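1. missing the sequence, but the structure's below:
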Ligand SMILES: Nc1ncnc2c1ncn2[C@@H]1O[C@H](COP(=O)(O)OP(=O)(O)OP(=O)(O)O)[C@@H](O)[C@H]1O
Ligand SMILES: [Mg+2]
């Protein structure tokens with residue numbers, strides 16, 4: 001489904017953020033990506049919908065290469081939830097942010113109205129639909145970003161720190177929602193309990209490389225491995 005081969009990436013200032021990563025992700029699976037601050041997680045996942053285009057190495061989604069000329073198809077397939085919701089929300093009204101993607105697909109207005117209404121209600125944002133996204137609380141912005149991704153019904157959902165800013169009840173709501181989605185899911189998070197609850201497989205990144213890859217329970221239950229990578233056991237395993 002998703003194939004990353006020999007991907008490397010350096011920022012213009014010379015920082016090597018991704019160092020020769022290869023990874024294959026099966027359709028319908030849910031994969032967590034964890035690692036210390038600065039490990040390269042966001043840089044990696046921001047490649048998956050072509051926000052950054054591969055210069056060294058390659059990525060394909062369903063056999064379609066992530067290259068400039070395929071970006072329309074890639075954007076339709078892959079929904080990316082940015083780490084910072086302010087990068088996702090850009091109109092003057094929440095409703096318009098959520099309807100922007102479906103409008104771009106050229107769907108008819110009745111279908112758009114239903115899709116947008118469903119996405120806003122699913123995330124308890126319907127009452128806030130006329131607000132400027134800039135005036136939403138942080139957690140509301142996080143869910144608003146999620147709505148802009150969900151409304152597109154992508155085949156692949158990529159989430160970068162989706163639980164940041166969420167209160168315990170909304171975090172639980174997100175776990176249930178994510179577990180109900182049958183799509184392929186890739187989640188970056190420092191919330192290892194969230195990863196435990198939503199992912200079958202976990203990759204640990206360190207200095208731009210994937211240095212461990214396996215079943216969630218094996219990886220997140222391995223204290224030595226986690227501590228060697230500046231991580232800690234999920235809270236539920238700390239006793
Ligand atoms: N725009 C940029 N220009 C230069 N260097 C950058 C840029 N964005 C990120 N970096 C660097 O690239 C490396 C990887 O950053 P990245 O944001 O991918 O890390 P991360 O694993 O997502 O960290 P965090 O857990 O803090 O979100 C870091 O060393 C960072 O300083
Ligand atoms: Mg990040």
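-> Alright, I've got the coordinates. From a predicted model like this one, the values you see are computed outputs, not experimental measurements. Numbers count the residues shown, from 1 in each chain. Ligands and ions are numbered 1, 2, ... in the order given.
2. Can you tell me how far residue 152 is from residue 13?
-> 33 Å (C-beta to C-beta, to the nearest Å). The C-beta positions use only the backbone N, C-alpha and C, and glycine is treated the same way.
3. Also residue 199?
-> Distance, residue 199 to residue 13, by C-beta to C-beta: 32 Å.
4. So the two - more neighbours on which side?
-> Counting neighbours by other C-beta atoms under 10 Å for residue 199 and for residue 13 shows that residue 199 has the greater number, 25 against 5.
5. For that one, give me its contacts.
-> Each residue near residue 199 by C-beta atoms under 8 Å, 6 or more residues apart in numbering is listed here: 30, 31, 32, 185, 187, 216.
6. May I ask which helix or strand encompasses the residue most central in space within the chain?
-> Centroid check for the chain by C-alpha atoms, centre = their mean gives residue 159 as the closest residue, at 1.5 Å. Assigned by DSSP states H and E, residue 159 belongs to strand 156-160.
7. Which strands and helices lie in contact with that strand?
-> On a contact count with 3 or more C-beta pairs under 8 Å, 6 or more residues apart in numbering; DSSP states H and E, strand 156-160 meets helix 41-45, strand 78-81, helix 138-150, strand 184-188.
8. so the third one versus strand 156-160, what angle?
-> Using axes from the mean of the first three to the mean of the last three C-alpha atoms, to 10 degrees, one finds that helix 138-150 and strand 156-160 are set 160 degrees apart in direction.
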